[in-house]
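**Student:** Quick one: sequence plus predicted model below, questions after.
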Amino acid sequence: MGTKPQTMTADGEFCVYLGPTIVGVIQYGAIYMGSKEQALESVAAAIEKYPLIARLIVTNKTLAQDRIKIKTPGNLLYETRRQLTRKF
């Protein structure tokens, strides 16, 4: 699984995957440089297998709040992570 080296974009945008690690597919805390659309393109194969992954990739602008939300019952990020965790 080869990946291209990524460089920082001019505006410093990046995204982070906050869902559970799925061995051989995606890892918790993975960082993707660029916009959310670019991040989703780079993990398209993983999203094809597990569509909920797309909901768990967050931008740097909301990362601080989303890290708290994903651990707090009763919100969409928490429920999405829980659903994905139950699949395997």
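**Tutor:** That came through, no problem.

**Student:** Correct me if wrong, but residue 28 is in a helix.
**Tutor:** No. Assessed with DSSP: H, G, I helix; E, B strand; the rest coil, residue 28 is coil; it does not lie in a helix.

**Student:** Mind jotting down where the strands sit in the chain?
**Tutor:** Taking DSSP state E to define them, one finds strands in the chain at 14-17, 31-33, 57-59.

**Student:** Out of these, which is the most enclosed?
**Tutor:** A comparison of the strands of the chain by mean neighbour count, using mean count of other C-beta atoms under 10 Å, puts strand 14-17 on top with a mean of 22. Quick note: C-beta positions are derived from backbone N, CA and C, even for glycine.

**Student:** Parallel or antiparallel, list what pairs with that one.
**Tutor:** Its sheet considered, strand 14-17 pairs with strand 31-33 (antiparallel), strand 57-59 (antiparallel) by DSSP bridges.

**Student:** residue ranges of the helices in this structure, please?
**Tutor:** Ranges of helices in the chain, per DSSP state H, are 36-42, 44-49, 63-69, 76-86.
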